[in-house]
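Enquirer: just the structure for this:
(chains A and B)
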There are 2 protein chains.
Amino acid sequence: MADLTVNFPAWVHVREVGLRDGLQIEKPITTAAKERLLDAVVATGVRRVEATAFVSPRAVPSMADAEEVAALLPRWPGVRFSALVASPGGARRAVAAGITDLEYVVSASDGHSRANVKIGTDEATEKIAEVAATVHDVGGRVEVIVATAWDCPFDGPTPTERVLRIVERAVELGADELAIADTIGTATPVRVQRLIGAVRERVGPVELGAHFHNTRGAGLACAVAAVGAGVVRLDASTGGLGGCPFAPGASGNIATEELVYLLHDMGVETGIDLGLAIDAAAVAQDVVGHRVPSNLLRAGDRKRSG
Amino acid sequence: MADLTVNFPAWVHVREVGLRDGLQIEKPITTAAKERLLDAVVATGVRRVEATAFVSPRAVPSMADAEEVAALLPRWPGVRFSALVASPGGARRAVAAGITDLEYVVSASDGHSRANVKIGTDEATEKIAEVAATVHDVGGRVEVIVATAWDCPFDGPTPTERVLRIVERAVELGADELAIADTIGTATPVRVQRLIGAVRERVGPVELGAHFHNTRGAGLACAVAAVGAGVVRLDASTGGLGGCPFAPGASGNIATEELVYLLHDMGVETGIDLGLAIDAAAVAQDVVGHRVPSNLLRAGDRKRSG
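Expert: Numbering: from 1, shown residues only, chains lettered A, B, ... in the order given. From the prediction side, this is the model:
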């Protein structure tokens, strides 16, 4: 049989994205509620947290308090906080607000790119240079996230070559890290393995992350395949917060606590305390005021010994 | 990287267990409602359906109409229907009702075995001979399902040797097929791969199935690992019906339509039409009268071309 553990690292970095991807399609919650959620997720031991997005407050009202959220972050000095941006203007706003560790998104499909940022993939790719210069000037870092890397809600399956062109160009233009995102939750393990393998071949030793949604139930299966293919960082959202505006009622990101359960059970460390991650998911459910998708939140951890 | 596809077969047999494992913890529904659900699942093209269980109607009131359900089945001649039993008495009831294709469950942990059937694992194992004789007498088949194969809600982690003793003895006593079940939804891919690999080594070429719950979100990830390790049959329930009496609110079996989506997307055939499987899940939701766990039911199939 194919040995799943051949390439499993001892450690996978889990980045909490509940505050950003998880909340972005929710009705806006107060900054105080976000502070409560940040407190809960930081308590779990997670080392990286995507705290907010500097994007149009008209397009994404729930991220309109990005500057206020940024002002809270010095409270938790041990954590590496980042913010998502979709343009060089967003990067300048983030840096002005004190966040110098950014994720910049480029959609691999023109349809999604135009719907999101009103420009096509090639134009969005070239803007990496300006975002990188903005953060590098202040000693920061930029990760380029390739969105709709497997499928696009408008254009259908994404040709692999489109993804490879972006990652190659991203490295040339100054990206410090890369991530491959299944924006609409349609990927499955074999396609994950093939695309991640192709990306690694093209870009060499750049640290590679992945971002999955559980929209069709396969999120964790994809995460395992990605780690087996060489990904060392996975995004996840507390409680499985999030979803997709194009699929009402659809599940959100893979749930942080479910990912942590799975990784620990397979002998992969994350630095996150599972019990505290379940507690954080309960806080997430409380602040959004409705049931969150996490199954583990309802079932709890397993009995560990007889 | 570990090539996931090394051992992937061209075809995986999906057995629909929503009528049994899915409904067994639900408030009883009418036999007419079960008939409607059977109609919907048979329409999907599924070849194997576990239609009911011949167990104590006091312990499992929702299976009290097992004889009535059995009487419906000749309506759908192309399908291989089976029933679950927990004792030789149940096997005799099933055969008398016309079902000769049985699943007989043995819990690998004494705690779960005693809670379920009031006898320990060894005693339950020896009864395989009587169940096998009962069905073989009428030209039927028996599959032995090893329950709590990874973890037990009472005894904690299950020692591998306990599972191996059952499968070895099951083959000696006349089992025609075997399945390994994660009864409480705690397994993860690497543990799945290890146990399935050990079972295959012990029993040789007997057809091996697996049964997963999505209680902690890892159900499909485990299914992929199991197929990679040599499993050729997977149980699933329409809509993800089901759950566990020991974990209120917990998710049920892996959802048939999510499994079909995943397998087809990876190039593995099932004979099931995905669109009709989604329709069946909607019927399942309707007959139980509450939201079912399936994410795919809410999200729908992906866009197939640009």
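Enquirer: make it CA atoms for all contacts and neighbour counts henceforth
Expert: OK.
Enquirer: how many neighbours does the nearest residue to residue A:267 once chain neighbours are set aside have?
Expert: Take residue A:267 and drop its neighbours on the chain: the residue closest to it by C-alpha to C-alpha, 6 or more residues apart in numbering or on different chains is residue A:10, 7.3 Å away. The local packing of residue A:10 (other C-alpha atoms under 10 Å in any protein chain shown) involves 13 other residues.
Enquirer: residue A:60 contacts residue A:23, doesn't it?
Expert: No - the pair residue A:60 / residue A:23 is not scored as a contact, 9.8 Å apart, by C-alpha atoms under 8 Å.
Enquirer: those two: which is more packed in?
Expert: residue A:23 (24 against 17).
Enquirer: if I pick that one, what's in contact with it?
Expert: Contacts for residue A:23 (C-alpha atoms under 8 Å, 6 or more residues apart in numbering or on different chains) come out as A:62, A:241, A:242.
Enquirer: so what does it look like in phi/psi?
Expert: Here is the backbone geometry of residue A:23 (degrees, to the nearest 10): phi -90, psi -10.
Enquirer: same check, this time on residue A:16
Expert: phi -80, psi 120.
Enquirer: over to residue A:69. Which of the three states is it?
Expert: Under the three-state scheme (DSSP: H, G, I helix; E, B strand; the rest coil), residue A:69 adopts helix.
Enquirer: what's the neighbour count on it?
Expert: Neighbours of residue A:69 using other C-alpha under 10 Å come to 20.
Enquirer: skipping adjacent residues, who's closest to it in space?
Expert: Spatial nearest neighbour of residue A:69, excluding adjacent residues (C-alpha to C-alpha, 6+ apart): residue A:31 at 6.6 Å.
Enquirer: I'd assumed residue A:67 was in contact with that neighbour.
Expert: No - contact criterion C-alpha under 8 Å: residue A:31 and residue A:67 do not qualify, at 10.2 Å.
Enquirer: which strands and helices lie in contact with the one helix or strand in chain A whose mean pLDDT sits lowest?
Expert: Ranked by mean pLDDT, DSSP states H and E, the helix or strand of chain A with the weakest confidence is helix A:295-299, at a mean of 91. Judged by 3 or more C-alpha pairs under 8 Å, 6 or more residues apart in numbering or on different chains; DSSP states H and E, helix A:295-299 is in contact with helix A:256-265, helix A:274-288.
Enquirer: tell me the contacts of the residue nearest to residue A:21 when sequence neighbours are not counted?
Expert: Distance criterion C-alpha to C-alpha, 6+ apart; nearest residue to residue A:21, sequence neighbours excluded, is residue A:242 at 5.9 Å. If a contact means C-alpha under 8 Å, 6+ apart, then residue A:242 has A:18, A:21, A:22, A:23, A:24, A:25, A:26, A:251, A:252, A:253 as its contacts.
Enquirer: and residue A:267, which of the three is it?
Expert: Under three-state DSSP, residue A:267 falls in the coil class.
Enquirer: that one and residue A:9 touch, don't they?
Expert: No - checked against C-alpha under 8 Å, the pair residue A:267 and residue A:9 is beyond contact range at 9.3 Å.
Enquirer: which residues touch residue A:295?
Expert: Counting by C-alpha under 8 Å, 6+ apart, residue A:295 makes contact with A:258, B:214, B:215, B:216, B:217, B:250, B:251.
Enquirer: again, only this time at 7 Å
Expert: Counting by C-alpha atoms under 7 Å, 6 or more residues apart in numbering or on different chains, residue A:295 touches B:215, B:216, B:217, B:250, B:251.
Enquirer: what about residue A:129, how many neighbours?
Expert: Residues near residue A:129, counting by other C-alpha under 10 Å, number 17.
Enquirer: correct me if wrong, but it is in a helix.
Expert: Yes - judged by three-state DSSP, residue A:129 forms part of a helix.
Enquirer: check contacts around it.
Expert: Residue A:129 is in contact with A:173, A:174, counting by C-alpha under 7 Å, 6+ apart.
Enquirer: give the bridge partners for residue A:147, please.
Expert: On the basis of DSSP bridges, residue A:147 is bridged to residue A:107.
Enquirer: wait, does stretch A:186-196 make contact with chain B?
Expert: Yes - using C-alpha under 7 Å from any C-alpha of the partner chain, stretch A:186-196 reaches chain B at A:186, A:188, A:190, A:191.
Enquirer: in which helix or strand does the third one reside?
Expert: Of the helices and strands defined by DSSP states H and E, residue A:190 is found in helix A:189-203.
Enquirer: from residue A:88, how far off is the nearest residue to residue A:70 once chain neighbours are set aside?
Expert: Closest residue in space to residue A:70, ignoring its immediate chain neighbours: residue A:97 at 6.2 Å, by C-alpha to C-alpha, 6+ apart. Residue A:97 sits 14 Å away from residue A:88, going by C-alpha to C-alpha, to the nearest Å.
Enquirer: those two: who's more crowded?
Expert: Neighbours were counted for residue A:97 and for residue A:88 using other C-alpha under 10 Å; residue A:88 has more, 20 against 16.
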